[in-house]
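Q: pasting the sequence and the predicted model now:
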Amino acid sequence: MEPNEQSGAERRTGVATNIIEAIVAVGVIVMGLVVIQGSRALGSGWTTDGPGSGYFPFYIGIILCISGAGTLYQALFGKNRNTEIFVDGEQLKRVLSVLLPALLYVLVVQVIGLYVASAFYIALFMIILGKFSPIKSVITSLIVVVLFFCMFEVWFKVPLFKGYFDPLSFLGY
Amino acid sequence: MDELNALFHGFSVILTPMNIVLMFVGIILGVLIGVLPGLGGANGVAILLPLTFTMSPTSAIIMLSCIYWGALFGGAITSILFNIPGEPWSVATTFDGYPMAQDGRAGAALTTAFTSSFIGAFVAVLMITFLAPLVAKFALKFGPPEFFAVYLLTFCSFVGMGKGSPFKILASMAIGFALAAVGMDTVTGQLRLTFGIPDLMRGFDFLIAVIGLFGIGEILLSMEEGLAFSGKSAKIDPKVVLETWKQLPKYWMTSLRSSLIGIWMGITPGGATPASFMSYGLAKKMSKNGAKFGTGEIEGVIAPETAAHAAGTSALLPMLALGIPGSPTAAVLLGGLLIWGLQPGPLLFVEQKDFVWGLIASMYLGNLVGLIVVLTTVPLFASILRIPFSIIAPVIVVICAIGAYTVHNAMLDIWFMMLFGVVGYLFKKLDYPLAPLVLALVLGDKAEDSFRQAMLVSQGEVSIMWSNPLVGGISTLAVILLLWPLISRILAKIRPPKHAAFTTEQPVD
C-alpha cells in the first residue's frame, strides 16, 4: 500500500501526480453531476408518500461534487500538491503487462468459460512473464484448475460459467 | 446463577462425539470459505444448509455456527498473506497485517489475528450468556433515527479520524453510497441510476468492489516493482506462537476496547465490518504507536480482528432473543431455525432451552476448536507465501474472477471487478482511502432506509435526530467527528500542537 516513489529515482519521466489527481477529481465531479441528474429525474424532493427515490442520492451527488471540487482545487493550487511523477514508463509497462492479459482473459472467459480460460491464462502467464518451462507451467495450471473444479462443482455444488461452447460438457457438470 | 446452571446444561447437551466431529468439520469448511474471496460466511452457510436437514436442530446449528466461526477466522488469512480480504470485515486487518507479513512476521500476524479473534468472540459469548435479556431489551428501543445515527457516527468517524485529505475521504464515501443506490429502490420499487442497463438492476455488490479494489488493485500495484515481488518466507512454529502470546497481554486495553466496540456494533445491526474499522480507527487514535499504524503494528491487527469477531458473535444475540438478525450470516441461520421448525424470539429461551443453551455452549467450544484448528494449520497457509509471484499473480486473478462471478452468476460482474481493480490502483496511488468506499457500499441501503424512515416519521424534520437523549447523543458525537478536521485546525491555531509526529501521519487506508 506504500507509494512507490523510490523506484527509478533518476531520470523519471511521466505525468505529475497532481495532474492525475486533478483528472480523477474531475471524474468525481462528473459522477456527482450524473448522480444529481439521475436523482432529479426520479424525484429528489418530498413526494406525497414521503421522500422520493432520488432524495438520498441527490445529496450524495452534491457531496461528490463538493469533494471533487475540493480535491481539484488542492491538486491544482494547494500548497502541498504532489508534483512527483505518477508512474514512469517502465512501471507503466509492468502494470500493463498484467492488466492487458487479465482483460484478455476476461474476454476469453466469455467464450470458453472460466475453467478452460483459467488454465490457458495461468500457463501462458507462467511461460511468458514468469519464464517457467512449458511442462511445469501446464502441469501447475492443470492442478490449479482441477482443484477449483472439484471445490466448486463437486464439493460446494456451485456451477461456474463454462462458456458458450461448453467444452467441459463431457464431464456431466 | 441461573445462567451458569443453564450453560452447564448446554455443555452436557453438546458434548457428544458426533457434535465434536461436526465442530471440526464446520470450522475447516468455514476457514476454507473465509479464505476464498466471494464465498462469504453467509454464502457458505446458505450452500451448506441443506446438509443439516437430516440432523437434530442442535447438531445442525453447531455445524453451521462453526462454519461461521471458521469463516471469521479464515478471512484474516488472505488479508495477511496476500492483502486480499476474504471477507469485508477483514479489510481493516490488511492495513497492518499485510505489512507485517511483508516484513517476515506473517506467523506473528496470523497468531495475533487468530488469538484476537478468539478473545473477541469469548468476551462476546460471555456477554451473551449473562447480559442477553438486558441488552435485548435495550436494542428493542432502537427506532429508525437511532439506527441512522449509529451509521452516521460510523461514517463521520472516518472523516474525523482519517489523516488524509477530508475531501478524498468524503469522495470515497460518497462514491460508495452512490454505487449502493444503483438498482431497485427498496421502498418505491423504482429503478435508480441504472441508465437502461438491465444488469445494473441488481446494483453493485460490495464483494465485487472489494475483490476488484483490493485483489486486482493490489496485484497492479505490486507489479510496478516487477515480478520479483514475493511474500517473505515465514517460519512458523510453536515458538513464534508462544512469543506472540507473550506480547499480547500488553495490549489488553486495545483488546477490551475492541471487544466492547464489536459487541455494541454486533447488537445494533452495524455488524462486523464497521466494528472492525471503528476499532482500528480508535486504536490508531489512542495508541502510543498510532503514528506507525499501517506499517505493521501488532495493535493494528488486534483491534479489527477482536472487534470483528466480537461483532460477528454478538450479532447472534438479537437473532436469538428477538428474531432480528444482526448480520447477513445471522439472517441465513435464522432461515435455518425456521426450516427446523423453531420460532426465534424471546419464547425460544423458554420453550427450547436445550437448543438455546446448547448453541451458547457451542460458541465457547466452537471458538476454542477454531483457534486450535487455525493455529495448527498456520504453517500450511504460510507456505503459500513461498510460491513465486508469477504463479500466485495469475491464480489470484483467477480466484478474483471466480469470486466475482459466483456472487450473482453474472459475467458483467467480472468486468466490473476489473474496473474496480483499476480504480483501486489509482485510488491507492493517490491516497484515496478505500475503506469508506467499501463500507458505504455495504451499509448504503440500510443507512438510506433508516434515514428515509426517520424522515417519514418526522415529515422531513432533521430535528428528529435530536429528539431524545440517546439519538441526540450519538448524532452530536457524529457531527463533532465530522467537523473534527476543522475543529482541530482551529484548536491548533489557538495553541501549538504537542505531538509534531501526528502531522506527518498517513491516511487510515
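A: Done, it's in. Numbering: from 1, shown residues only, chains lettered A, B, ... in the order given.

Q: which ones are touching the residue nearest the centre of chain B?
A: Centroid-nearest residue in chain B, with CA atoms, centre = their mean: residue B:89, separated by 2.1 Å. Applying CB atoms under 8 Å, 6 or more residues apart in numbering or on different chains, we find residue B:89 in contact with B:72, B:75, B:271-273, B:275-276, B:304, B:308, B:311-312. The C-beta positions use only the backbone N, C-alpha and C, and glycine is treated the same way.

Q: columns secondary structure on top of those, output as CSV?
A: Listed next are these as CSV, based on DSSP: H, G, I helix; E, B strand; the rest coil:
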residue, secondary structure
B:72, helix
B:75, helix
B:271, coil
B:272, helix
B:273, helix
B:275, helix
B:276, helix
B:304, helix
B:308, helix
B:311, helix
B:312, helix
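
Q: most neighbours among these, which one is it?
A: With neighbours taken as other CB atoms under 10 Å in any protein chain shown, the top of these is residue B:308, carrying 39 neighbours.

Q: list the residues that contact it.
A: When contacts are counted by CB under 8 Å, 6+ apart, residue B:308 is found next to B:72, B:75, B:89-90, B:92-93, B:117, B:120, B:262, B:272-273, B:275-276.

Q: check residue B:223 too.
A: Residue B:223 touches A:94-95, A:97-98, B:229, B:393, counting by CB under 8 Å, 6+ apart.

Q: now the phi/psi pair for the closest residue to chain B within chain A, please.
A: Relative to chain B, the nearest point of chain A is residue A:130 (2.8 Å; CB to the nearest CB). When quoted as degrees, to the nearest 10, the phi and psi of residue A:130 stand at phi -90, psi -10.

Q: could you do residue B:438 as well?
A: Torsion angles, degrees, to the nearest 10, at residue B:438: phi -70, psi -40.

Q: what sits against the residue nearest to it when sequence neighbours are not counted?
A: Excluding its sequence neighbours, the residue lying closest to residue B:438 (CB to CB, 6 or more residues apart in numbering or on different chains) is residue B:210, at 5.6 Å. Contact analysis of residue B:210 by CB under 8 Å, 6+ apart lists B:37, B:85, B:88, B:91, B:438.

Q: and if you look at residue B:166?
A: Residues in contact with residue B:166, defined by CB under 8 Å, 6+ apart, are A:70, B:159, B:485.

Q: which one of these sits closest to residue B:249?
A: Proximity of the contacts of residue B:166 to residue B:249 (CB to CB) peaks at residue B:159, which lies at 33.8 Å.

Q: pretty sure residue B:247 contacts residue B:298?
A: Yes. If you go by CB atoms under 8 Å, residue B:247 and residue B:298 touch, sitting 6.6 Å apart.

Q: is any residue of the biggest helix by length in chain B near chain A?
A: Longest helix in chain B, counting residues (DSSP state H): helix B:106-140. No. Using CB under 8 Å from any CB of the partner chain, helix B:106-140 stays clear of chain A, with a minimum separation of 14.8 Å.

Q: helices or strands up against the helix or strand just after that helix?
A: Next in sequence after helix B:106-140, counting helices and strands by DSSP states H and E, comes helix B:144-161. Counting contacts by 3 or more CB pairs under 8 Å, 6 or more residues apart in numbering or on different chains; DSSP states H and E, helix B:144-161 packs against helix B:166-181, helix B:272-286, helix B:435-458, helix B:469-482, helix B:484-494.
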